[in-house]
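Colleague: Structure, please.
(4 chains, ligands or ions: 6)
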Amino acid sequence: MTDKIDVQEVKLTAKDFKSDQDVRWCPGCGDYSILAQVQRTFPTLGKKKENFVWISGIGCSSRFPYYMDTYGFHSIHGRAPAIATGLKIAHPELDVWVATGDGDLMSIGGNHFIHACRKNVDIKLLLFNNQIYGLTKGQYSPTSERGKITKSSPYGSIDYPFNPISLALGSNATFVARTVDRDPKHLQQMIKRAAEHKGTAFIEIYQNCVIFNNGAFFSLTEKENRPEHTIVLEHGEPMIFGKNNDKGIILDGFEPKVVNLNDGKYTIADLIVHDEFEESPVRAFILSHMTNHPDLPTPFGVFRQVVIETYNEALERQIKEVTEKKGKGDLDELLFSGNTWEVA
Amino acid sequence: MTDKIDVQEVKLTAKDFKSDQDVRWCPGCGDYSILAQVQRTFPTLGKKKENFVWISGIGCSSRFPYYMDTYGFHSIHGRAPAIATGLKIAHPELDVWVATGDGDLMSIGGNHFIHACRKNVDIKLLLFNNQIYGLTKGQYSPTSERGKITKSSPYGSIDYPFNPISLALGSNATFVARTVDRDPKHLQQMIKRAAEHKGTAFIEIYQNCVIFNNGAFFSLTEKENRPEHTIVLEHGEPMIFGKNNDKGIILDGFEPKVVNLNDGKYTIADLIVHDEFEESPVRAFILSHMTNHPDLPTPFGVFRQVVIETYNEALERQIKEVTEKKGKGDLDELLFSGNTWEVA
Amino acid sequence: MENENGKEVKSLSDVTVMFAGDSGDGMQLTGTQFSDTTAFIGNDLNTLPDYPAEIRAPAGTIYGVSGFQLHFSSKDIHTPGDGPDVLVAMNPAALKKYKVNLKKHGTIIANIDAFDKKNLKLAKYDTNPLEDGSLQGYHVYKVPITTLTQEALKNTKLSPKDVIRSKNFFALGIMYWMFNRPLEPTLKWINEKFKKKHDVAEANTIALKAGYYYGDTTEIFTARYIVSPAKLPKGTYRSISGNEATAMGFVAASVLSGHQLYLGSYPITPASDILHHLSKYKNFGVKTFQAEDEIAGICSTIGAAFGGSLAITTTSGPGLALKTEAAGLAVITELPIVIVDVQRGGPSTGLPTKTEQADLLQAMYGRNGESPIAVLAASTPSNCFFMAIEASRIALKFMLPVILMTDGYIANGTEPWRIPHESELPKFDHELETNPEGFQPYKRDENLSRPWAVPGTPGLEHRIGGLEKENITGNVSYEPDNHDLMCRLREEKIQKISNDIPELVVDGDEDGKLIVIGWGGTEGSIIDAVKKAREEGFNVSRIHLKYINPFPKNLGDILSKFDNILVPEINLGQLSKILRSTYLVNTIQFNKMRGLPFKTYEIKDKIEEILGGSND
Amino acid sequence: MENENGKEVKSLSDVTVMFAGDSGDGMQLTGTQFSDTTAFIGNDLNTLPDYPAEIRAPAGTIYGVSGFQLHFSSKDIHTPGDGPDVLVAMNPAALKKYKVNLKKHGTIIANIDAFDKKNLKLAKYDTNPLEDGSLQGYHVYKVPITTLTQEALKNTKLSPKDVIRSKNFFALGIMYWMFNRPLEPTLKWINEKFKKKHDVAEANTIALKAGYYYGDTTEIFTARYIVSPAKLPKGTYRSISGNEATAMGFVAASVLSGHQLYLGSYPITPASDILHHLSKYKNFGVKTFQAEDEIAGICSTIGAAFGGSLAITTTSGPGLALKTEAAGLAVITELPIVIVDVQRGGPSTGLPTKTEQADLLQAMYGRNGESPIAVLAASTPSNCFFMAIEASRIALKFMLPVILMTDGYIANGTEPWRIPHESELPKFDHELETNPEGFQPYKRDENLSRPWAVPGTPGLEHRIGGLEKENITGNVSYEPDNHDLMCRLREEKIQKISNDIPELVVDGDEDGKLIVIGWGGTEGSIIDAVKKAREEGFNVSRIHLKYINPFPKNLGDILSKFDNILVPEINLGQLSKILRSTYLVNTIQFNKMRGLPFKTYEIKDKIEEILGGSND
Ligand SMILES: Cc1ncc(C[n+]2csc(CCOP(=O)(O)OP(=O)(O)O)c2C)c(N)n1
Ligand SMILES: Cc1ncc(C[n+]2csc(CCOP(=O)(O)OP(=O)(O)O)c2C)c(N)n1
Ligand code: SF4
Ligand code: SF4
Ligand SMILES: [Mg+2]
Ligand SMILES: [Mg+2]
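Modeller: Ligands and ions are numbered 1, 2, ... in the order given. This next block holds a predicted model:
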């Protein structure tokens, strides 16, 4: 990444990233934490402030750009990845970030999402997943659990939810991670990791909507549940979890399985050692299917990070190659090319 | 499926499914074979002719409905799954089929595709994947290989392609299969399997475009290549392939690997036994990543089939439940409900 | 003027009150209760909710204020009132935001407990307006509503936070006392609503009564008011909002037509409530599909219509923009769908919670090619019910897509509605095709309507699509003359509808110096403005358009008989454009784009300006 | 009339030829070669390709016919000709399809080899038209083109199939002989094109020459023709199609403005060629992005414009429909983008390969809310170049989205173009904002244009978006008066453009009985029709609109000076609607929707009808 770092003369602080606009989320909304962690992390990235751009769609989460003292664009519903893609391709020197919601990215914006992943444009997608449509006052979203009772599903929704991590992996995303609003440190880590990735970086952030879906993630975030119901992925580390670090994950054929490290049957050496950088996405896909599984802990952390040429790099390379071969374009030459004739 | 079968008095034949319209594809186009196999398979399904509906978007492939003597709808680009969804939900007695192309379904229609998979609406999606935009005369598509030179990528495309099977699995599709225009029998089998599946059924059909992408699949379809470069998935069977059936696939950690059955190290018992019906999609996902892999054969057949309640079933169930509980709706009762008062 | 309990009782014919407070203060609920009770005792009424785009903006800020304006009367009224006579301000921001509209000598009931330093600052007040004399000329009642509520509830088991949440019922109680309304309807509602939360029910009951008794006993209120029932036509009434009426109208259309109702929709303010309402009516066989986006919403609707459903899709402006390509598909395939556009402030995301009428040209022309569509517009909350039925009836009879326009104001506003019986509703006359004999997909009847032959019908297998169709056979055709013919037929079919809709009836003289013509949700303001102008001696007539494409047959005739045509619109002159090009008549535009319905006086002043000759 | 080689040589001023055959017969290529050569020798010319929607419809069918019509002259001409003087029919279907347009006593060159039973049946001929006398009155030349080609190529190494593929060059050779054109340009082209396929190059060369010599030596052709060079302005010329000109126009605009060109697009007929051309110009720094759909196309364009690119998106009607929501975002964020709409037949998928002008109202009004956009329209293939520059210039100067309309006819049609030098091109005057001092995102200059402050510029960090903006500060604002103001400012800004575009110049008298007013791609037909009508003594004037929103300032004035206003359009009267509502003038509509450009005589007849008084 060093080629991109251009140390600022004045060191930036979180405050430099706070805009003059009043934050208008509901008191207690998980979005506050995400904003705070971004504002804390950005000064540590060693990048120029004026090169940051935040792009969002529509939704509570999409108000995000107003609160960041960077360039920002609060666009239309679902289209932020497409706008970000154009901006990044056209102006690769910029650091382009997208703030989006589960309706914005997974419902109306689904196509742009999977295509951004596929194309590996160097943009960062932060999904504020509260499993509900917040701004429109509480309809179920494509990540809501089946059976959810909401305004538009008074008898329980009959939709099966997406697993955003699986969908990203099915679209060949090169960086896929998950974190949660209530774990500021982990959130900061993931933001930093995404910032450092070259290529489309996707972070699913579990975010609590206090008004319309309060407690959706309490089984994963509250102290008493967390150790038994979640596992933190760490590259090169065996997959251990549990209050007493006494449980681990092994691969049983195609499926992950929980084993007890105390009953003498298994040792740490039997466990899956996490590998973020594996080229094939199949490991990450298997881990993604541990999400909300009745018998398995839900993983947090980086599921996958691989480095391949980004779309914007490829484009710049091609422009360079063609220009080297053909010479820099000359307008007169272009206009007068082909079959011409003179009239005297 | 028995509840749906309603044997026709007159037995149908392939001819009954041929419309009076001249077929207008280029001579030699792979679409002809797909049409023929559908027309051959449909009479064997034991369903009522008038209940079949073909819906398509725009593209060469999307001309399909005109040639079937069923109800048909040649709609707009990318939207066939959404139209099919509405039709099936509203009228679950119909057999709703979609004919679509790699531009139609994977590019502009990507969102409707992943949502149809997720929602498990009982519609059948046949993707005519020729890895090119045919109708618009040859631009690369989201399934074209990187580096492809086309009208819109004169210096080689810089897009990475989708793996449609992986994308379908990442969207939780309940039936996912692959076949090819040049293997009529296998194609018929897959059509039949899709027809019998309750839920969204997705078949990727490799289809040769003689004009703009001739030979895209020759390495998989031509006699000399086929046995070594492809493997046919059969439920309950070990994964064997090769001209002499002397190669097999084992799972090495997270990754499939080719082994030689003749060198004494491995026997058939070591091989992966294919299981179409496994609940978790991870096995199917692993197999999908064997596609176009330099060291692995490309799989054909059913990657996955699981049966869960379809969207349309759930909706009918819910209507029934609510009606049982509340009684059949009465208009006057509805209008006069709530706070009313009399003016005399 | 009577006396009761030592207080003066004044009789009024017409009052506007505004409940305003923080988003979390429950003002929408309070307003709704007041209006239900008011309807119940027989006043005519009209409401205007006004809430922020944020879900819960930070407490105390001006942009976090939520207001509910309500106009009630012993006469026939049609607007939520130009400005409140009484403003209930639960905090300084509410006072700041709505004082501008308060009528001269109006009344302010302020919750002084909320007028602390912090809140004053959030509301951008340098000094306390309750004390700095800036409210001189108004009747200001400073009531410690929070404290009084706490006091009243001190013996309940609720948490202090929950206690405070009951303060809106205290305020409501005061207003019930002031305007002589019965408590029973609200008490009944509380008991039903909080059936399972007994504590809350009890607290709200106590708070409501405490407010009422406070009005009765305290010294500060010197007068109370009586607004007698309005003389409304006989019948059973309910209060209804436009969105609810729209939803019920489609259910009625489904019952009347015998076609299952299908809704494919994607949530969007201010249209979502139609989806919410319809998803409750599963026992009517109504199928609602929350689609992945607006395009899937309309496309699934087209699929359902192809299959024989009464199929509709609901949205607002940005969603309508997304549906245009598919709407064109419905045009060329001549399938019956209804698209409901609940208009809001634009362009783009614009002012999502505010009202506007600026989607008319988009509805008329926003599709590629010559792609005519029938356009209807509802004019009041309850009129949405009838227009939903009309839109359905026309779509099915003429086999074409219909756009029904409403707007945020009538969608969220409420009015009393005399409930019609099934027998009073429009009749549907159209049939499904079932006969294979001589069947041709694009054979037309006398209305130019093609047969509706739905999948599942033996022998009618056929193909439709977005490529130009040969007339009669429906085969794909690139024939130049056929295309010209089909483009004209599609347009002509729209014009045929004019045989099937009522002619306009002029309100006022049939010729003269000035006619005011409006469309959609401005009807209330125009009616009242014209009435007032007439009362002041101005000779002005009025018509209102609910059918816009096609226009009623006699529109041109009517317009030709007036010297001046005033077209008030909440846009920059969209209907005006269409009138000018259709009839080559000059129009006087009157346009405000403030996210708000017209005030009666604005239109009345304009009328006077024209007829007073000062602007000719 | 001279004599040469025993054959008569006639001089003509004006000829239309049509090459027609199966999709696989290479007619587009043949036509292009003929037109390049014809341009090269100095005729004025105009072409109209006409190909099926299918890629390769089954051989021999009528819907599989591909035609290329070409009009050339020693005078200034503007249309592809009303109908051919000479029809080259490579098979019966080609004859069937185009005979209807053939001029009286016209010439048919038919490849009799293709007139076998099977082909006759496919073309729906009961008897062979070459033999049944039905072509009486035409000059019919029956040439066994296939056999002769096979004969000529019998010594080459090509497969029989490939040999047959050269037959179009044989036909071309005949035509070169007949119209006295040199072979060299085509020979040169063959050698370049098939550099790597030597066999093919050789075969085509032989076939071309064989055809030429066949004309020269055979007995059947009795005459050949000379069409002398036209008197065109001095300069260097090339032949250019509208799509190519559009692409080059944007490259020019990029060079002139100093902004990198960005194109976000999704392929669609007939616009795809602009994408194809621009993707070649990587060495101009042009970035093309083939998006996943039209919405991503325009959204990525908006992103690029936010970043400081000259950003454009290209599409046709259905794609424009999909872009409307995002276009509204560009309106409210006041970002400079250009949307090119190459119109085709609608509604819906309609007639994708045919021309039409029916997207005008969609371009003007097809967005939610009051969402005004600047609309320009190119009138000829080469005019696309200038209008692309103009669209870019206006977008950047006024900071707003511009729609540039072309159509399938001018996009695919070609004409000779005098190539301008850089110095002759329009100047760009706008600047990027870089100064943080006093910077406000929505502070406006005298054109009401806001500053273009792009990410990467230190100190100008700011946020824009789709919610209503406060004027000057650009903060989100729900203020009623601000919204009203902003809606009016956005409209006013469009009107400001009229100070920056040329006034209209009337072709003909400045007042009188009749003025013909057109827009976009109909200019050629109208020029020729008006010219012919004048030659026949009718006094008729003409103006043509290339700027539609806003109109040129003097349009109203001009219209007011004529008794009759004739508006020919390939739609049902869209410009007419706008003129009527804007100027309250009566218009005479003249509308054909046949997927084809107007024929000169159609408009001329209409002029005569009006001025002859038969229709008043
Ligand atoms: C084209 C369009 N369709 C619909 C809407 C209405 N809308 C605004 S936000 C939203 C969904 C919000 O949900 P999510 O993306 O999860 O964001 P959250 O509010 O939960 O953060 C919807 C449906 C819109 N603004 N534009
Ligand atoms: C809204 C819209 N955008 C673009 C097009 C142009 N278009 C028609 S078909 C097509 C892609 C065809 O490719 P594919 O789906 O792979 O089908 P194929 O022709 O290869 O069978 C495109 C871009 C269109 N008709 N409508
Ligand atoms: S509604 Fe939910 S997501 Fe939106 S601001 Fe409030 S708490 Fe946050
Ligand atoms: S262009 Fe390709 S896909 Fe289309 S009909 Fe021809 S061969 Fe088939
Ligand atoms: Mg959400
Ligand atoms: Mg394809």
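Colleague: On the three-state scheme, the residue of the stretch 201-344 of chain A found nearest ligand 1 is what?
Modeller: Using CB to the nearest ligand atom, the closest approach of the stretch 201-344 of chain A to ligand 1 is made by A:Cys209 at 6.2 Å. For glycine as for every other residue, the C-beta is placed from the backbone atoms N, C-alpha and C. Following DSSP: H, G, I helix; E, B strand; the rest coil, we place A:Cys209 in the coil state.
Colleague: That one is in contact with A:Asn129, isn't it?
Modeller: No: look at A:Cys209 against A:Asn129 with CB atoms under 8 Å: they stay out of range, at 9.9 Å.
Colleague: Hmm, B:Gly253 and A:Leu251 touching each other?
Modeller: Yes: under the criterion of CB under 8 Å, A:Leu251 makes contact with B:Gly253 at 7.4 Å.
Colleague: The two: who's more crowded?
Modeller: A:Leu251 (18 against 12; other CB atoms under 10 Å in any protein chain shown).
Colleague: is it true that the more buried one lies in a helix?
Modeller: No: with the criterion set as three-state DSSP, the secondary structure at A:Leu251 is strand rather than a helix.
Colleague: partners of it in the sheet?
Modeller: With beta bridges defined as DSSP bridges, A:Leu251 has these partners: A:Pro256.
Colleague: so what's it up against?
Modeller: Taking CB atoms under 8 Å, 6 or more residues apart in numbering or on different chains as the criterion, A:Leu251 is in contact with A:257, A:272, A:286, B:253-254.
Colleague: neighbours of residue 111, just the number please.
Modeller: Defaulting to chain A. When neighbours are counted by other CB under 10 Å, A:Asn111 registers 29.
Colleague: oops, I was thinking of chain C
Modeller: Residues lying near C:Asn111 (other CB under 10 Å) number 28.
Colleague: Okay, it and C:Ala93: tell me how far apart.
Modeller: Remark: distance between C:Asn111 and C:Ala93 (CB to CB, to the nearest Å) = 12 Å.
Colleague: Also C:Glu431?
Modeller: Taken as CB to CB, the spacing of C:Glu431 relative to C:Ala93 amounts to 59 Å.
Colleague: Which of the three states applies to A:Trp54?
Modeller: Assigned by three-state DSSP, the conformation of A:Trp54 is strand.
Colleague: How about the contacts made by the residue in chain A that ligand 2 sits nearest to?
Modeller: In chain A, no residue comes nearer to ligand 2 than A:Asn111, which is 13.0 Å away by CB to the nearest ligand atom. The neighbours of A:Asn111, taking CB under 8 Å, 6+ apart as the test, are B:108-111, D:292-293, D:296.
Colleague: before we move on, what about C:Val402?
Modeller: Counting by CB under 8 Å, 6+ apart, C:Val402 has contacts C:336-339, C:373-376, C:391-392, C:394-395.
Colleague: change it to 6 Å
Modeller: In this structure, C:Val402 makes contact with C:338, C:374, C:391, C:394-395, judged by CB atoms under 6 Å, 6 or more residues apart in numbering or on different chains.
Colleague: So which helix or strand of chain C has the lowest pLDDT on average?
Modeller: Among the helices and strands of chain C, strand C:2-4 carries the lowest confidence by mean pLDDT, DSSP states H and E, at a mean of 49.
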